[in-house]
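Chemist: Got a sequence here, can you build the structure:
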Amino acid sequence: MKIELLGFPGCPNTPAMRENLRAALEGAGAGLGSTFADVNQESLPESDPRRGWPTPTILVDGHDLFGMPAPSTPAMGCRIYPNGVPDAAEIRTALNGTRTGK
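Modeler: Reported below is the predicted structural model:
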């Protein structure tokens, strides 16, 4: 499973998502491993489709962990989650669902 955290230095929610993702992967009994690529969208070529995802976004094998459809244009922006940045438990549940195909 390839996990990427998309963000950029000026995004105020990226640090919280990074820490929550790290905690989700390192959580006891998660069985998920502990690695992810921390991708700075500003360093990607403008043609890279990952620039189109709002930040912060977690991609698993190129798909949004929380079900957002793929963007049609590579334009960076901020992502607002309905209940704030997902916590480690929410991320772990979503990752386990991805792994089991749920």
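Chemist: isn't Asp87 right up against Asn20?
Modeler: Yes - counting by Cβ atoms under 8 Å, Asp87 touches Asn20, with 5.5 Å between them. Every residue, glycine included, has its C-beta placed from N, CA and C.
Chemist: mind listing what the nearest residue to Gly52 once chain neighbours are set aside touches?
Modeler: Nearest residue to Gly52, sequence neighbours excluded (Cβ to Cβ, 6 or more residues apart in numbering): Pro71, at 3.1 Å. When contacts are counted by Cβ atoms under 8 Å, 6 or more residues apart in numbering, Pro71 touches Pro49, Gly52, Trp53, Pro54.
Chemist: Just among those residues, which is most surrounded?
Modeler: Trp53 (24 neighbours; other Cβ atoms under 10 Å).
Chemist: Touching, that one and Leu59? I think so.
Modeler: Yes - using Cβ under 8 Å as the test, Trp53 is close enough to Leu59 to be in contact (7.1 Å).
Chemist: Quickly list what's touching both of these two.
Modeler: Here Trp53 and Leu59 share the contacting residues Leu6, scored by Cβ under 8 Å, 6+ apart.
Chemist: circling back to that earlier point, dump the contacts of Pro71 to JSON lines, plus distance to Leu6 and secondary structure.
Modeler: As requested, those are arranged in JSON lines below (distance: Cβ to Cβ, whole Å; DSSP: H, G, I helix; E, B strand; the rest coil):
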{"residue": "Pro49", "distance to Leu6": "11", "secondary structure": "helix"}
{"residue": "Gly52", "distance to Leu6": "10", "secondary structure": "helix"}
{"residue": "Trp53", "distance to Leu6": "5", "secondary structure": "coil"}
{"residue": "Pro54", "distance to Leu6": "9", "secondary structure": "coil"}
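Chemist: Turn these into JSON lines, including pLDDT and distance to Pro9.
Modeler: Output for the contacts of Pro71, formatted as JSON lines (pLDDT from 0 to 100; distance: Cβ to Cβ, whole Å):
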{"residue": "Pro49", "pLDDT": "91", "distance to Pro9": "21"}
{"residue": "Gly52", "pLDDT": "93", "distance to Pro9": "18"}
{"residue": "Trp53", "pLDDT": "95", "distance to Pro9": "16"}
{"residue": "Pro54", "pLDDT": "95", "distance to Pro9": "15"}
